[in-house]
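1. no sequence on this one, just coordinates:
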């Protein structure tokens, strides 16, 4: 295995500071070093990289093309080190991090409101919640628990059903004619907003009502339900979304249901975790909390 090029953190800091100030002297003042120490660190860095990072012109510094490229990379490294260090600094010795993966709109609209009080009841558990649009390997510990929509199957994971959903069409109030629609087919005259994760949604909604709509797959396509909801609210068209995700907008009158046909979705929402994780206290505490929010008993209580 070839030897890694691993410059010291001190050398990277000296280079970054000198590049920001275009001065070894000012970099030395900032880092509480001597000017010669900063200059020596940069020289050693240049020797390692086999490229000049600065032009020294009439006692002034100027980044070389290689220096400009390297500065961008060094900034990424120093920023990540700073973030990681602050991340650890913010936790006490008894704190455990629970990594939670969720689809973006579900996380914002359902999960976050239902987390109120969890940290107060579980002060030793720090939640690290991240959005996941693409499938990932739960068993390889990219997350401790995950929420997903589907049929309840995930290799190597235990999946607990939370609830189903009905999808409804929604749009801005001023998008509709000044009269009630006479049939669902009238929605065909409007722009149908599509969600990438549910490409068949509009086709199935029309089909269930006996309507053969040739343009059911046509319309602007968005990665998330959140973007579909915002597009509908902005008057871009009609979105077909799970009812529970738009309860606030409907209650506030920002969105309306132009045709009241609620179609049950084929999939359901699940909570998943690695098969061997239920006995881990932080996972157990989170699973108990979520199931309490949906009014379901933990199936593992009887076995414990």
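-> Arrived safely. Worth saying up front: this structure is predicted, and the values here are computed from it rather than measured.
2. rest of the way, CA atoms for contacts and neighbours
-> Fine.
3. confirm residue 149 sits in a strand?
-> Yes - judged by DSSP: H, G, I helix; E, B strand; the rest coil, residue 149 forms part of a strand.
4. how many neighbouring residues does it have?
-> 19 (other CA atoms under 10 Å).
5. going forward, begin numbering at 6 instead of 1
-> That works, and once the first residue is 6, the last one we named lands at residue 154.
6. quick one: the strands in the stretch 106-255 of the chain, in order.
-> 130-136, 150-155, 162-168, 171-175, 197-200, 226-227, 243-247 (DSSP state E, counting those that start in this stretch).
7. list the buried residues of the first one.
-> It stands for strand 130-136. 130, 131, 132, 134 (16 or more other CA atoms under 10 Å).
8. can you redo those residues as JSON lines with distance to residue 302?
-> JSON lines is the format used below for those (distance: CA to CA, whole Å):
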{"residue": "130", "distance to residue 302": "22"}
{"residue": "131", "distance to residue 302": "24"}
{"residue": "132", "distance to residue 302": "22"}
{"residue": "134", "distance to residue 302": "24"}
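9. redo the strands of the stretch 106-255 of the chain as TSV? Include mean pLDDT.
-> Listed next are the strands of the stretch 106-255 of the chain as TSV, based on pLDDT from 0 to 100:
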stretch	mean pLDDT
strand 130-136	90
strand 150-155	91
strand 162-168	92
strand 171-175	95
strand 197-200	95
strand 226-227	96
strand 243-247	96
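10. point out where this structure drops to low pLDDT.
-> For the chain, applying pLDDT under 70 flags the ranges 6-7, 92, 94-100, 138-146, 306-309.
11. show me which pair in the buried residues of strand 130-136 is furthest apart.
-> Greatest spacing in the buried residues of strand 130-136, by CA to CA: 130 and 134 (12.3 Å).
12. quick one: the spatially most central residue of the chain from residue 226, how far?
-> In the chain, the centroid-proximal residue (CA atoms, centre = their mean) is residue 136; its distance is 2.3 Å. Using CA to CA, to the nearest Å, residue 136 is found at 19 Å from residue 226.
13. cool, and residue 135?
-> 23 Å.
14. swap in residue 62?
-> 54 Å.
15. same thing with residue 18?
-> 45 Å.
16. how is this protein carved up into domains?
-> Listed by automatic domain parsing, the domain ranges of the chain are 14-94, 101-169+272-298, 171-269.
17. for residue 61, the count of nearby residues, please.
-> Counted by other CA under 10 Å, the residues lying close to residue 61 total 12.
18. so what does the helix or strand in which it is found touch, helix or strand wise?
-> Here residue 61, judged by DSSP states H and E, is contained in strand 59-62. Other elements packing on strand 59-62 under the criterion 3 or more CA pairs under 8 Å, 6 or more residues apart in numbering; DSSP states H and E are strand 65-68.
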